[in-house]
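**Q** structure for this input, please:
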Amino acid sequence: MKAIIFHGTGCKPDDPIYWYAWLGQQLKAAGYEVEVPYYPDINHEPIDTFLPKVLKNHHFDEETVLVGHSAGGPLILSILENIDVVIPQAILVAGLIKDLPNDDNPILQPSYKWEKIKSHVKDIYFINSTNDPWGCDDKQGRLMFDQLGGTQIIRQDGHFGSSSKNQPYKEFPLLAQLIV
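**A** The predicted structure is shown next:
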């Protein structure tokens, strides 16, 4: 099995404030091959030019699990819409599909082909908080859940990590449990 963990806007995979490296270690210990790529242009470059780079840099197959935080969530939706394989699992943490208040999000597609996305993933999770300071909240998760089904998990854990909001989230045991 392989896992690819996509970070959010302005994040770095090795930043100790986030759970990315911790989750990668947990999955490696469970026998997963893990990729935690760094994409500094995520949510700065339009999805129509950004997505082809991501698709070129990774191999997606029947043993690939995708995890995305914040802007990594809509990136996963775009990936699922454009691959020709069914992956076992995708988890979108603090994901979004609508522009945030007072913010333009070039990671978002103007529209999504929901049936196509759904046909490329067996199991999908949406983990959002009621108190997300950016607006990537349970309502955003519900919009995705209503289109794709799967499982929505609602917490009160803010954005599940944010350096600008001083919210460290160094470990995420729930994610490790959902994947392993």
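
**Q** rest of the way, CA atoms for contacts and neighbours
**A** Fine.

**Q** at the geometric centre of this protein, which residue sits there?
**A** When CA atoms, centre = their mean is applied to the chain, the residue found nearest the centroid is G68 (1.6 Å).

**Q** for G161, list the residues it contacts.
**A** 17-19, 167-170 (CA atoms under 8 Å, 6 or more residues apart in numbering).

**Q** swap in K98?
**A** 108, 140.

**Q** ok so, going back, from the contacts of G161, which is closest to Y125?
**A** Minimum distance to Y125 across the contacts of G161 is 17.2 Å, recorded for W19 (CA to CA).

**Q** the closest one contacts Y169, correct?
**A** Yes - using CA atoms under 8 Å, W19 makes contact with Y169 at a distance of 5.9 Å.

**Q** these two - which one has more neighbours?
**A** Using other CA atoms under 10 Å, the more surrounded residue of W19 and Y169 is W19, with 23 against 18.

**Q** so which of the contacts of G161 sit within strands?
**A** Among the contacts of G161, none falls in strands (DSSP state E).

**Q** now these in JSON lines, with distance to L27?
**A** Output for these, formatted as JSON lines (distance: CA to CA, whole Å):
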{"residue": "I17", "distance to L27": "19"}
{"residue": "Y18", "distance to L27": "16"}
{"residue": "W19", "distance to L27": "12"}
{"residue": "Q167", "distance to L27": "23"}
{"residue": "P168", "distance to L27": "21"}
{"residue": "Y169", "distance to L27": "17"}
{"residue": "K170", "distance to L27": "15"}
